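[1] Have a look; sequence and predicted model below, questions after that.
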Amino acid sequence: MAGTITRHPARPRWKAWNALTLWILRTPGLERLAERQVCELRFRARRSGRDIVLPVMYAQDDGTVVVLVGGADRKVWWHNFSRPHRVGLLLRGMTRGGTGHVVAAGSPERADAARIYNDRFPDLAVEDDPMIVIRLDPETRQPGGTS
């Protein structure tokens, strides 16, 4: 039927899951359940200017955070990182700033990003999914989940 909007049936379920995960990350005492594997990623969308807040699985090596974009063909948020883009992270109870960019399959940075991710999650296949590599700013470190 012309003009019919097709809604993705899983979207409400993922919104609820994301909201629950973000709540856990921000709740004292509960954050320890998730913070070793999941962090809060914040950024401003390039086109709409909206603030985006997502829970993402991450791997960290010193000042580098790597996020694997699993199921990238069903997600659009990661396209904001086709060029370097500023982010905020709630990472183990600390608010951190940084700059992230996409590392695609075939990129010279790919091997190092995949190593960082596989060291943390050896049972997850990296394959050809895009990765976001975030270089943290050391001077933006502050306690708490405030932004």
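    Done, it's in.
[2] quick one: the helices in this protein?
    11-26, 110-120 (DSSP state H).
[3] Least reliable of the ones you listed by average pLDDT, please.
    Lowest mean pLDDT within the helices of the chain: helix 11-26, a mean of 58.
[4] worst-scoring helix or strand of the chain, pLDDT-wise?
    helix 11-26 (a mean of 58; mean pLDDT, DSSP states H and E).
[5] Where does the prediction get shaky in the protein?
    1-36, 139-147 (pLDDT under 70).
[6] Verify the stated contact: Trp77 with Asp51.
    No: counting by CB atoms under 8 Å, Asp51 is not a contact partner of Trp77; they are 11.9 Å apart. Backbone N, C-alpha and C define where each C-beta goes, glycine included.
[7] Between the two, point out the one with more neighbours.
    Trp77 (15 against 11; other CB atoms under 10 Å).
[8] and the gap between that one and Ile132?
    Applying CB to CB, to the nearest Å, the value for Trp77 to Ile132 is 9 Å.
[9] where do the contact lists of Trp77 and Asp51 overlap?
    Counting by CB atoms under 8 Å, 6 or more residues apart in numbering, the contacts common to Trp77 and Asp51 are Ala45.
[10] So for stretch 104-111, what gets flagged as buried?
    Within stretch 104-111, the residues that count as buried by 16 or more other CB atoms under 10 Å are Arg110.
[11] For Met131, give me its contacts.
    Shown in contact with Met131 (CB under 8 Å, 6+ apart): Val66, Val67, Leu68, Val69, Val102, Val103, Ala104, Arg110, Ala113, Ala114, Tyr117.
[12] That one and Asp123, how far apart?
    17 Å.
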